[in-house]
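Visitor: Here is a sequence together with a model predicted from it:
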Amino acid sequence: MHKVRGGNEFERVSIRFDGAQYSRHLFFDKHLDKIPQGQKACFEYLDKFKYPHLSESKFVQWIEPNEM
């Protein structure tokens, strides 16, 4: 999903974590490769609820399942 904020375009994705009742919206940096919709993936992210100084939650990086 593409949005414009303050004249800058950004992309945000909606994710439903396993077992979660609601979807979460995360900022998606342009440096990350995209994966097909519906494909399960492991990733590192910063949660705006855990880090209140962040205005939005955002992806940091994709993680290979064997790195966990």
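Guide: Structure's in. What do you need? Numbering: from 1, shown residues only.

Visitor: Give the buried residues for the longest strand along the chain.
Guide: Secondary structure assigned by DSSP state E gives strand 8-15 as the longest strand of the chain. Of the residues in strand 8-15, those buried under the neighbour-count criterion (16 or more other Cβ atoms under 10 Å) are F10, R12. To be clear about C-beta, it is placed using only N, CA and C from the backbone, and glycine gets the same treatment.

Visitor: can you check stretch 37-49 too?
Guide: Within stretch 37-49, the residues that qualify as buried are K48, counting by 16+ other Cβ under 10 Å.

Visitor: mean confidence score for it?
Guide: Per-residue pLDDT values over stretch 37-49 give a mean of 86.

Visitor: Quote the end-to-end distance of that stretch.
Guide: Between the opening and closing residues of stretch 37-49 there is a gap of 25 Å (Cα to Cα, to the nearest Å).

Visitor: how distant is that stretch from the center of its chain?
Guide: Shown here is stretch 37-49, whose average C-alpha point lies 5 Å from the average C-alpha point of the whole chain (Cα atoms, centre = their mean, to the nearest Å).
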